[in-house]
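Asker: Output the structure for:
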Amino acid sequence: TPRQVKAPKAPKYARRLVPRMPKLDKYNILKCPVTTESAMKKIEEINTLVFLCNLTANKKQIRYAVETLYEVKCFKVNTLI
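Answerer: Numbering: from 1, shown residues only. Predicted coordinates:
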């Protein structure tokens, strides 16, 4: 039997009611600031911020989240798993 040519689908309506949101938005990337003694020492002496972040976020996403949420300029992002 010869192969039949399938016409491209033209749906009458969208199958999904609401479009999906990105899983990692700026509020989901940064979980909470760290408030341990060593983190407080870094905040006071070295002028750094310490956060718990989502494990799947990369450095560019973390930098974007910090800059937009806290309105600061990031010099460098260090990560530790």
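Asker: List the buried residues in the longest helix along the chain.
Answerer: Using DSSP state H to define each element, the chain has its longest helix at helix 59-70. By 16 or more other Cβ atoms under 10 Å, the buried positions in helix 59-70 come out as Gln61, Ile62, Arg63, Ala65, Val66. All C-beta spots, glycine's among them, are computed from the backbone N, C-alpha and C.
Asker: can you pull out the helices in the protein?
Answerer: Assigned by DSSP H, the helices in the chain fall at 26-29, 37-41, 59-70.
Asker: Let me have these in TSV, adding mean pLDDT and distance to Val5 as columns.
Answerer: TSV is the format used below for these (pLDDT from 0 to 100; distance: least, Cβ to Cβ, whole Å):
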stretch	mean pLDDT	distance to Val5
helix 26-29	94	44
helix 37-41	95	63
helix 59-70	96	43
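Asker: Export those as a markdown table, with columns for distance to Thr79.
Answerer: A markdown table is the format used below for those (distance: least, Cβ to Cβ, whole Å):
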| stretch | distance to Thr79 |
| --- | --- |
| helix 26-29 | 12 |
| helix 37-41 | 15 |
| helix 59-70 | 6 |
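Asker: any low-confidence regions in this protein?
Answerer: The model of the chain has pLDDT under 70 over residues 1-2.
Asker: can we see that at 90?
Answerer: Scanning the chain for pLDDT under 90 picks out 1-23, 81.
Asker: picking that back up, for Leu49, state which of the buried residues of helix 59-70 is nearest.
Answerer: Val66 (6.9 Å; Cβ to Cβ).
Asker: Leaving out chain neighbours, which residue sits closest to that closest one?
Answerer: What sits nearest to Val66 in space, not counting adjacent residues and going by Cβ to Cβ, 6 or more residues apart in numbering, is Cys74, at 5.6 Å.
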